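Peer 1: the following block contains a protein sequence and its predicted model.
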2 protein chains.
Amino acid sequence: MERGFGQAEFATRTKRAQALMAKHDISALLLTTEPDVRYFTGFLTQFWQSPTRPWFVIIPASGKPIAVIPAIGQALMNATWIDDIRTWASPDLMDDGVTLLGDTLTEIAGQGRIAVPDGHESHIRMPYADVKKLATHHSLTSDMGIMRALRMVKSEAEIDKIRHACTIAGTAFDAVKSFAHVGMTQSQINRQFQSACLDAGADNVPYVAMGLGPCGYFDVISPAGDITAQTGDILMLDTGLMWDGYFCDYDRNFSFGTPDPRAVSAYDRLIDAARAGLDAARPGAAAADLFHAMAKITGAGKAMEAGRFGHGLGTQLTEWPSFIPTDHTEITEGMVLTLEPSIETIDGRILVHEENIVIRANGAEKLSPFATELVVIP
Amino acid sequence: MERGFGQAEFATRTKRAQALMAKHDISALLLTTEPDVRYFTGFLTQFWQSPTRPWFVIIPASGKPIAVIPAIGQALMNATWIDDIRTWASPDLMDDGVTLLGDTLTEIAGQGRIAVPDGHESHIRMPYADVKKLATHHSLTSDMGIMRALRMVKSEAEIDKIRHACTIAGTAFDAVKSFAHVGMTQSQINRQFQSACLDAGADNVPYVAMGLGPCGYFDVISPAGDITAQTGDILMLDTGLMWDGYFCDYDRNFSFGTPDPRAVSAYDRLIDAARAGLDAARPGAAAADLFHAMAKITGAGKAMEAGRFGHGLGTQLTEWPSFIPTDHTEITEGMVLTLEPSIETIDGRILVHEENIVIRANGAEKLSPFATELVVIP
């Protein structure tokens, strides 16, 4: 697998953005977050972990994107397809890029409308005081969902990277049987699983969720603690590992010893539900249709109160849309999605099962190796 | 090392916030980001990787913080010291918590001022459309740097966690000599170093920066690529690994075989600079003083144009202040800081050296094991 993208990929993304911008009378699109900046530039770095510096990319009505960034990023941005890179010595405690950004916007957009992503799943990654300063001289309007619409549909090159991430995770999941055993703590298992992901070729492992307990677990967002695996426990590992800036996001459920029949039957229903989701996943369906296809089999009870039955996936662990009854987003070719049905077993405990797919002209292609049963760790 | 904090830690943090709020006539402090939410609640999860849901915590003028969060987080928030937890079924595409948040703010703050962190290094993590909606009914004002002031000074319990993260990284750095060799690619070294961090006890490794090349490297934010280590290369590994929600952030420089004398002499100057930074790091000094103490030895030339000579550290990889000539933040007891001088060697290549310290009444205590020379990998 080759890293990065050809210039044509970024040129296509930019042209698509500009076509939508024209439709909405937008003169410049202002982007501030890691996935949005990377989408148009290929600027890939873990340096976003540092909150110190703001980073800006402007999509003009025509021509290449313009980067307005801290000087520390110049060398890396120079290595991308971007030509117009304007830098300042950040952190500048008096004016951390706001004047440079404002001047650039004026130059690019004149009196035209400047749009920012402002809907669900978005935020503006710059200090609110600076947003307000910018808004006094420029009218910041909604991007009308342009970024969502663009990023939701993946190119073949993007799909290849996500498939590769899925393959890496598959190897790591296969390794669990050989290292996990009764008596290990959650955090020991978690650390060793992360190492297995790295051994299998992951660039990094930003996300591992896990559950552990008899017949299931109570939630899937708690950090790994010092609880010890017991015979009969179900272990769930859910990985968001990355390869070249793209995530996979699927899980596997294991049983330490012979599983409780109630766990087995619940899990079988989840397998069936994922299969039903797969069958429903085709162009023209709505996100809600996938929810209902899966919920019909699981029964959308307690396990669903807090969650959803899957979502988009790509440069972020979760992306638009959501498989919930109220999301009517149309499923289209090129969407990469997770099917993530969950079910209650006993006493408020749940099982969660997750797989990754991509939408093709006639249905869905599996990106993760669909599980067929609980993996027993003898 | 025990995980988590006692309730007294959170009660103290809250009381300190409330004292500063009273001083600035703030009736409620609204927090939306992972580090700020965790600071007052202890809510620790990797689930923030998902951009789907907003999370809110409100600090009232008196009493415990109030959580206004997606239902998926209820079980985990219930396990913290927070009592008043208000949830909604997120994602809600019509109203993703905004009405619940607004009603709660009205109940808590009445017509009083509601403050948000709005200065450098901050952002509001909720959709901009929702910020504007909230701002039509509530006057959102600046937190006047309250969050920065609070988080900048660490408790002993926090310092212990950072020290533990530093110790883990020390073990991982010691392991590099035994696995790194000429002929490995950057990304192989990077992956194996992450595994070494996990083996040594890291919960996760959100950040590894690296440099590789003869006499140094061109930047320290590029991702690990497929460049192969050659005899004579300098390898720099910089880790932001986490333990129980706290980072360490320091680096080590290695030499594959006998180092170039120019690299040795440049590195010796960095060691001296870090030592000078350590000596200058005491209560009453300004952040700029530490910069000047180090720059006097390195000469603040090309290597500094884009960067700084260190920064704060804690729940984030980098925190306030910055060691730059214009940052006059007073250094006080309990601050955890990195000393990070850099220097040009040849042809625009640089070396970067970094250590971690905590400010005590009479000076600084080392948290990382201060390096004394380039580590030679034979």
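Peer 2: Received the coordinates, thanks. Numbers count the residues shown, from 1 in each chain, chains lettered A, B, ... in the order given.
Peer 1: so for the residue nearest to A:V264 when sequence neighbours are not counted, what's the pLDDT?
Peer 2: Spatial nearest neighbour of A:V264, chain neighbours left out: A:L374 (6.4 Å); criterion: C-beta to C-beta, 6 or more residues apart in numbering or on different chains. Bear in mind the C-beta positions are built from the backbone N, C-alpha and C, glycine included. On pLDDT, A:L374 comes in at 96.
Peer 1: look up how far B:I66 lies from A:L374.
Peer 2: Using C-beta to C-beta, to the nearest Å, A:L374 is found at 40 Å from B:I66.
Peer 1: cool, and A:I26?
Peer 2: Distance of A:I26 to B:I66, computed by C-beta to C-beta: 38 Å.
Peer 1: repeat that for A:G284.
Peer 2: For A:G284 relative to B:I66 (C-beta to C-beta), the value is 44 Å.
Peer 1: and what of A:Q74?
Peer 2: 44 Å.
Peer 1: ok, then the element right after the longest helix along chain A?
Peer 2: Using DSSP state H, we find that the single longest helix of chain A is helix A:156-179. Helices and strands here follow DSSP states H and E; after helix A:156-179, the next one along the chain is helix A:186-199.
Peer 1: so how far is that next one off the chain centroid?
Peer 2: 21 Å (C-alpha atoms, centre = their mean, to the nearest Å).
Peer 1: please apply the same query to stretch A:34-45.
Peer 2: The answer for stretch A:34-45 is 14 Å, by C-alpha atoms, centre = their mean.
Peer 1: can you give the contact residues for that stretch?
Peer 2: Residues outside stretch A:34-45 that contact it (C-beta atoms under 8 Å, 6 or more residues apart in numbering or on different chains) are A:4-5, A:10, A:13-14, A:17, A:31, A:48, A:55-57, A:59, A:65, A:67, A:73, A:76-77, A:80-82, A:117, A:125, A:147, A:150-151, A:244-245, A:314-316, B:221-223.
Peer 1: how about a cut-off of 6 Å?
Peer 2: Residues from elsewhere that reach stretch A:34-45, judged by C-beta atoms under 6 Å, 6 or more residues apart in numbering or on different chains: A:13-14, A:31, A:48, A:55, A:57, A:65, A:77, A:80, A:82, A:147, A:245, A:315-316, B:221, B:223.
Peer 1: and A:M236, what does it touch?
Peer 2: By C-beta under 6 Å, 6+ apart, the contact list for A:M236 reads A:210-211, A:251, A:253.
Peer 1: on that earlier part again, take the contacts of stretch A:34-45 and keep only those in helices.
Peer 2: A:13-14, A:77, A:147.
Peer 1: out of those residues, who's nearest B:P378?
Peer 2: Minimum distance to B:P378 across the ones in helices among the contacts of stretch A:34-45 is 37.1 Å, recorded for A:M77 (C-beta to C-beta).
Peer 1: among the contacts of stretch A:34-45, which are in strands?
Peer 2: Using DSSP state E, the subset of the contacts of stretch A:34-45 located in strands is A:31, A:57.
Peer 1: quick check, nearest of the contacts of stretch A:34-45 to A:Q186?
Peer 2: For those, the closest approach to A:Q186 (C-beta to C-beta) belongs to A:Q316, at 25.3 Å.
Peer 1: chain neighbours aside, what residue packs nearest to the closest one?
Peer 2: Spatially, and ignoring its direct neighbours in sequence, A:Q316 is nearest to A:P35 (5.3 Å; C-beta to C-beta, 6+ apart).
Peer 1: what's the burial count for that neighbour?
Peer 2: 18 (other C-beta atoms under 10 Å in any protein chain shown).
Peer 1: where do the helices sit along chain A?
Peer 2: Taking DSSP H as the test, the helices found in chain A are A:7-23, A:34-41, A:74-78, A:98-109, A:128-137, A:146-152, A:156-179, A:186-199, A:261-280, A:287-298.
Peer 1: among the contacts of stretch A:34-45, which ones are buried?
Peer 2: A:13-14, A:31, A:48, A:55, A:57, A:65, A:77, A:80, A:82, A:147, A:245, A:315-316, B:221, B:223 (16 or more other C-beta atoms under 10 Å in any protein chain shown).
Peer 1: let me know the closest of the residues you listed to B:A364.
Peer 2: B:I221 (26.8 Å).
Peer 1: looking at that closest one now. What's its pLDDT?
Peer 2: Note on B:I221: pLDDT of 88.
Peer 1: also A:P117?
Peer 2: On the pLDDT scale, A:P117 is placed at 98.
Peer 1: list the contacts of it.
Peer 2: A:143, A:147.
Peer 1: next, it: phi, psi?
Peer 2: With angles defined as degrees, to the nearest 10, A:P117 sits at phi -60, psi 130.
Peer 1: circling back: who's more crowded, A:Q74 and B:I66?
Peer 2: Per other C-beta under 10 Å, whichever of A:Q74 and B:I66 has more neighbours is B:I66, with 23 against 17.
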